[in-house]
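**Q** one predicted model, sequence on top.
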Amino acid sequence: MRIRDATLFLGLLLSIMTFVGRPADAQISAAERSLREQALRRMYEPAPIDPPSVRAIARDLEIEDDAAIVDALAAYELAWRPILEGPVQIVRERWPVCFSIDRQQGDVRTRHTPELLLLLQARADAFRAADVADEALFGRLLAADRADKSKIDPIASTRRERRRRRRELLGLPDRLPGTSIEPLELITTVAVDPEILEGVLPVLDEWEAELDAALVARWSRNEAIERMQAATRIDLGPEWRRLLTGVERDRADRELAAYEEALVATEIPRRNINAEMIGALGFRVPPLTHLEIVRSHHELAHPALFVEDLRLERLIREVLASDELDERGRTDVENLIAATAERLNRLGVAAAKQADRSLASRYRHVSDAVPLVDLGADPTIEDDIDAIRDEIELLDAVLERRQEFDRLVRPFAGLGADVERRVEGHRAVNASFDRRDRWSRDRLRDALLELGIRLDERNLDIDPDPDAESGFDR
């Protein structure tokens, strides 16, 4: 091959290699795609607890009866065999027909055919059977003999492990931030004192018992909604948007959107339980420790509230690090924070609860209280009124909390010129946030009045009695 031809060939080869290599930058890697598929499969294929993990649980429960552990493992394996050979196998056989991972973006692609309904039914059968098998396993572990020197409560500790496993088995990805928080992990990040941990166990046990029931209810409703959603998409058929008229298409879009909203709404009961638990911890831990827990909860579940926590924390850190403060000044700042912590905690918990109430109002028309067959109905005027009222109350809570932050930092201004400059800058930003939120609240109040008028007009159409009580005033 002549040098010129060889050079052209090499250039062509390099251009091909570059072209082939470029999509790797745009595509997700094979490893990432594999991880995403594994995460997706865990939602459809339950897996048994492996023997080493069962033995680790037995050690944590201080079980010394090795024969009982061996028997429990054998019975557990026997219980799982028909699950793996039956519904799990059906899921695996239909998996490639129903799901794929997009090579470019890594999104899940679902093919809505009758095969998907068979897969979803098999998934439901598999997870319910898996939960029964787990229950039997923990029953056997509870009956096993403990070490003579064991001081742990066998019933409470076994139930704790059982509930932890159920959260792992039936847990679903969060559609809202911070729904699936683990309170023990939340606490241990800020409170490592063994006495503190021992003091919060009763709260955690109560939380886990409530959560366990909510978890099962969420999984069951979620599974039912997904099957209805799949059945609707299958009935519509491929390219349904091209076939339906405008009105029919809008109706189908509303129904499908309602299913998506209903899936989000299944998380709200758990969020309410979490918020109650965070509040209850205030009676069990020191105020400053509780302040850190509330802040961590906001970071995970309520990012908008956490932004303000973070700004306050940054200011306090800058004040404490200022060269203008002597040791006495730093002590005064720390004492002021400690004296205010309890009120800040109450306001922080109240704001988080109100944020979740506002969320619940927004999704009330698709909440767990709504029968599945009624999903797809638009929110009523009453629903809209309640949602706006809760949003106004949330803004009230945010403004009150910010006002308390302002009271806390105002005295810092007398600690030196540099500190005063930082404090005034912080307060100026707060004032800007206040103006924004007051404007939003005023507009929401206007909307509330308008909806009240519409509700009265509707009620007059239904009941023309002029002496009838206004629905808005009730």
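**A** Noted; the coordinates are in hand. Keep in mind that this is a model prediction, so the values were computed, not measured.
**Q** isn't residue 259 up against residue 233?
**A** No. Assessed by C-beta atoms under 8 Å, residue 259 is found out of contact with residue 233, at 9.4 Å. The C-beta positions use only the backbone N, C-alpha and C, and glycine is treated the same way.
**Q** what about this protein, any weak spots by pLDDT?
**A** Flagging of the chain using pLDDT under 70 yields the residue ranges 1-27, 191-192, 463-474.
**Q** center of it, which residue is that?
**A** In the chain, the C-alpha nearest the mean C-alpha coordinate belongs to residue 179, at 2.1 Å (C-alpha atoms, centre = their mean).
**Q** quick one: contacts for the nearest residue to that one once chain neighbours are set aside?
**A** Spatial nearest neighbour of residue 179, chain neighbours left out: residue 267 (4.4 Å); criterion: C-beta to C-beta, 6 or more residues apart in numbering. By C-beta atoms under 8 Å, 6 or more residues apart in numbering, residue 267 lies in contact with 174-176, 179, 218.
**Q** just these now: which is nearest residue 237?
**A** Nearest to residue 237, judged by C-beta to C-beta, of the contacts of residue 267 is residue 175 at 26.9 Å.
**Q** quick check, the closest one in a helix?
**A** No. Looking at residue 175 with DSSP: H, G, I helix; E, B strand; the rest coil, it is coil, so not inside a helix.
**Q** what ranges does the stretch 151-300 of the chain have for its helices?
**A** For the stretch 151-300 of the chain, helices defined by DSSP state H, counting those that start in this stretch occupy the ranges 154-170, 183-188, 194-236, 240-243, 246-265, 268-280, 287-301.
**Q** now the ones you listed as CSV including distance to residue 49 and mean neighbour count?
**A** CSV is the format used below for these (distance: least, C-beta to C-beta, whole Å; neighbours: other C-beta atoms under 10 Å):
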stretch, distance to residue 49, mean neighbour count
helix 154-170, 7, 17
helix 183-188, 19, 17
helix 194-236, 17, 17
helix 240-243, 43, 11
helix 246-265, 28, 16
helix 268-280, 23, 21
helix 287-301, 27, 21
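**Q** for residue 62, which of those is the nearest?
**A** When these are compared by C-beta to C-beta, helix 154-170 sits nearest residue 62, at 8.2 Å.
**Q** residue 388 against residue 448, yeah?
**A** Yes. At 5.0 Å, residue 388 counts as touching residue 448 under the criterion of C-beta under 8 Å.
**Q** which of the two has more neighbours?
**A** The neighbour comparison of residue 388 against residue 448 (other C-beta atoms under 10 Å) goes to residue 388, with 21 against 18.
**Q** quick one, strands of this structure?
**A** Here the chain has its strands, by DSSP state E, at 99-101, 108-110.
**Q** quick one, which of these is packed in tightest?
**A** Of all these, strand 99-101 carries the top mean neighbour count, a mean of 16, counting by mean count of other C-beta atoms under 10 Å.
**Q** what pairs with that one, and is each one parallel or antiparallel?
**A** Using DSSP bridges, strand 99-101 pairs in its sheet with strand 108-110 (antiparallel).
**Q** coming back round to it: go ahead and confirm the residue nearest to the centre of the chain touches residue 270.
**A** Yes. Counting by C-beta under 8 Å, residue 179 touches residue 270, with 5.6 Å between them.
**Q** related to what we said a few turns ago, how much space between the residue nearest to the centre of the chain and residue 357?
**A** Distance, residue 179 to residue 357, using C-beta to C-beta, to the nearest Å: 15 Å.
**Q** same thing with residue 31?
**A** 42 Å.
**Q** pick out whichever of these two has more residues nearby.
**A** The neighbour comparison of residue 31 against residue 357 (other C-beta under 10 Å) goes to residue 357, with 21 against 8.
**Q** give me the nearest residue to that one, chain neighbours excluded.
**A** residue 390 (5.2 Å).
**Q** burial measure for that neighbour, as a count.
**A** 20.
**Q** which residues are in contact with it?
**A** Going by C-beta under 8 Å, 6+ apart, the list of residues near residue 390 reads 354, 357-358, 360-361.
**Q** so which of the strands of the chain is nearest residue 244?
**A** Among the strands of the chain, the nearest to residue 244 by C-beta to C-beta is strand 108-110 (19.9 Å).
**Q** any chance you could list what contacts the closest one?
**A** Outside of strand 108-110, the residues within contact range by C-beta under 8 Å, 6+ apart are 36, 40, 98-102, 116.
**Q** just the CA atoms of stretch 342-362, as CSV, please.
**A** The C-alpha trace of stretch 342-362 is given here as CSV (Å, rounded to 0.1, in the frame of the first residue of the first chain):
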residue,chain,number,x,y,z
GLU,A,342,-36.5,24.4,71.6
ARG,A,343,-38.6,27.0,69.9
LEU,A,344,-36.8,26.6,66.6
ASN,A,345,-37.5,22.8,66.9
ARG,A,346,-41.2,23.3,67.4
LEU,A,347,-41.4,25.7,64.5
GLY,A,348,-39.3,23.4,62.3
VAL,A,349,-41.4,20.3,63.1
ALA,A,350,-44.6,22.4,62.6
ALA,A,351,-43.4,23.7,59.2
ALA,A,352,-42.6,20.1,58.0
LYS,A,353,-46.0,18.8,59.1
GLN,A,354,-47.7,21.7,57.4
ALA,A,355,-45.7,21.0,54.2
ASP,A,356,-46.9,17.4,54.2
ARG,A,357,-50.5,18.6,54.9
SER,A,358,-50.3,20.9,52.0
LEU,A,359,-49.0,18.0,49.9
ALA,A,360,-51.8,15.8,51.1
SER,A,361,-54.4,18.4,50.1
ARG,A,362,-52.9,18.7,46.6
